[in-house]
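**Q** the following block contains a protein sequence and its predicted model.
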Amino acid sequence: MPASKKNSFKVTALNTQLVKNNFLPENQISSTSPKWEIKISQNLTECHNLWNKFSPNESVFDLWEIRDAFYQGYKFSPHFLSIYQKSEIVGVLPLWFNATPTFGKTASDFEKYTWFGSNWPEDNTFFVQDPQIIPFLLLSCPKPVELACIKPLPSYDFLKEYPGYALEEDKKYFLDLSQVNTLDDFLSQLKKKKRYNLRRDRKRIMHYDPIINIEDHENIEEMFRLSIERFRKKYPDEPSEQSAFEDERRKEVFRSLINNAKDYKVRLITTTINGKIEAVEFGLVYKKTYYALNAGVDVSHFSGLGVFSNLLVIEDALNLGCTKIDFLESDNNWKASWHLSTYYQYQFTK
């Protein structure tokens, strides 16, 4: 990681630059104010404390246990920028430096700063007392930087005019369960043909008399196997399209997600057919939201198993009393067809 020449520096020029860019009015904060200071923290314990001081803990991705799981997998050096007014800390930008690709040869976050825990976690927010502090953090953060999956909060709307701040290319998908009590309730919301197709696929798998197991955490290894095998078959000559679990570090991340579970619940839904595990769904539950994070499914031998496995997720979420399922960003060739709700997250690059 590039070494910082100083661990602390004055922010006396930041206001002036923002005013020149017509981003902040000249009278908003004095450009000659000596009260602002940026400090860089690279000690993990110190970064942990800073995270817990500012994290809203609204999303499962806000939890230090989640980000620590990614740290345990990749061990990329933390680089937290803290902004002080007088002697009071008023904001933190939690980063790390991706020294090597996370997987494949064309990883987009190679050799750049990203959120601490990588750009994979979603629902990212800026850790500040006042949103007006955000431009100062963005201006002072190192290059190159890519901050993905920023939550579209109304208090961030003014950032749409900030250079480098833009919409993500892919939508985020979720299912509102607040008015859904049963799986049939969900299916009844779909168009007739889609409803028929999902029920047909579910019935097709039920004919195999599958055994469903929930919460056997050892089956995480089977999810890795199924995911790797599926994408090797589908994209034999495209390394960049292979499963992320080809990278041993990504496997360690998911093992740590299980081991770190304290404020959230881990759900592994395993489908066994003819004595062999053929599908594994991995999810986390936090504050009545079910996060469908990953899966491994043998769709090449069992047509309809992907649909069957996804419907198990919805049933499990309903049984747990969840009010929402977060299916994360990107369509993955099925989410839009299920008529899930969507919105765009934001990103910042420079």
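**A** That came through, no problem.
**Q** which parts of the stretch 251-350 of the chain are helices?
**A** Shown for the stretch 251-350 of the chain, the helices assigned by DSSP state H, counting those that start in this stretch span residues 305-319.
**Q** got it, and the chain?
**A** 14-20, 44-54, 64-74, 134-140, 183-188, 192-206, 220-234, 248-259, 305-319 (DSSP state H).
**Q** mind putting those into JSON lines with mean pLDDT and mean neighbour count?
**A** Just so you know, the C-beta spots here come from the backbone N, C-alpha and C atoms, and that holds for glycine as well. JSON lines is the format used below for the helices of the chain (pLDDT from 0 to 100; neighbours: other Cβ atoms under 10 Å):
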{"stretch": "helix 14-20", "mean pLDDT": "46", "mean neighbour count": "17"}
{"stretch": "helix 44-54", "mean pLDDT": "97", "mean neighbour count": "16"}
{"stretch": "helix 64-74", "mean pLDDT": "97", "mean neighbour count": "21"}
{"stretch": "helix 134-140", "mean pLDDT": "93", "mean neighbour count": "21"}
{"stretch": "helix 183-188", "mean pLDDT": "96", "mean neighbour count": "15"}
{"stretch": "helix 192-206", "mean pLDDT": "97", "mean neighbour count": "14"}
{"stretch": "helix 220-234", "mean pLDDT": "95", "mean neighbour count": "18"}
{"stretch": "helix 248-259", "mean pLDDT": "97", "mean neighbour count": "18"}
{"stretch": "helix 305-319", "mean pLDDT": "98", "mean neighbour count": "20"}
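**Q** return the residues in contact with Ile205.
**A** When contacts are counted by Cβ atoms under 8 Å, 6 or more residues apart in numbering, Ile205 is found next to Thr271, Ile273, Phe302, Gly304, Leu305, Phe308.
**Q** so where's this structure shaky on pLDDT?
**A** Where the chain drops to pLDDT under 70, the residues are 1-35, 102-109.
**Q** could I get the helices of the chain in a markdown table, plus columns for distance to Gly164?
**A** Formatted as a markdown table, the helices of the chain follow (distance: least, Cβ to Cβ, whole Å):
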| stretch | distance to Gly164 |
| --- | --- |
| helix 14-20 | 13 |
| helix 44-54 | 22 |
| helix 64-74 | 23 |
| helix 134-140 | 7 |
| helix 183-188 | 39 |
| helix 192-206 | 39 |
| helix 220-234 | 32 |
| helix 248-259 | 28 |
| helix 305-319 | 36 |
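**Q** tell me which of those sits nearest to Tyr344.
**A** helix 134-140 (18.5 Å; Cβ to Cβ).
**Q** who are the packing partners of that closest one?
**A** Applying 3 or more Cβ pairs under 8 Å, 6 or more residues apart in numbering; DSSP states H and E, one finds that helix 134-140 makes contact with helix 14-20, strand 78-85, strand 88-98.
**Q** circling back: between the contacts of Ile205, which is nearest Pro152?
**A** Once Cβ to Cβ is applied, the member of the contacts of Ile205 that ends up nearest Pro152 is Phe308, at 33.0 Å.
**Q** and the nearest residue to that closest one once chain neighbours are set aside, how far from Leu312?
**A** Counting by Cβ to Cβ, 6 or more residues apart in numbering, Phe308 lies nearest to Ile205, which is 4.0 Å off, once chain neighbours are set aside. Per Cβ to Cβ, to the nearest Å, Ile205 is found 10 Å from Leu312.
**Q** common neighbours of the two, please.
**A** With Cβ under 8 Å, 6+ apart as the test, Ile205 and Leu312 both reach Thr271.
**Q** so Leu305 sits against Ile277, correct?
**A** No: Leu305 is not in contact with Ile277 according to Cβ atoms under 8 Å; the separation is 11.5 Å.
**Q** between those two, which contacts overlap?
**A** Thr271.
**Q** what sits against Phe245?
**A** Taking Cβ under 8 Å, 6+ apart, one finds Met223, Phe224, Ser227, Ile228, Lys251, Phe254 in contact with Phe245.
**Q** quick check, nearest of these to Thr100?
**A** Nearest to Thr100 among the contacts of Phe245, with distances taken as Cβ to Cβ, is Lys251, at 15.8 Å.
**Q** please name the nearest non-neighbouring residue to Phe231.
**A** Spatial nearest neighbour of Phe231, chain neighbours left out: Ser243 (4.3 Å); criterion: Cβ to Cβ, 6+ apart.
**Q** on that earlier part again, so how far is Glu215 from the residue nearest to Phe308?
**A** For Ile205, the distance to Glu215 equals 21 Å [Cβ to Cβ].
**Q** you'd agree Ile134 is up against Phe126?
**A** Yes: using Cβ under 8 Å, Ile134 is in contact with Phe126, at 4.9 Å.
**Q** now the common contact residues for those two.
**A** Common contact partners of Ile134 and Phe126 (Cβ under 8 Å, 6+ apart): Gly91, Tyr156.
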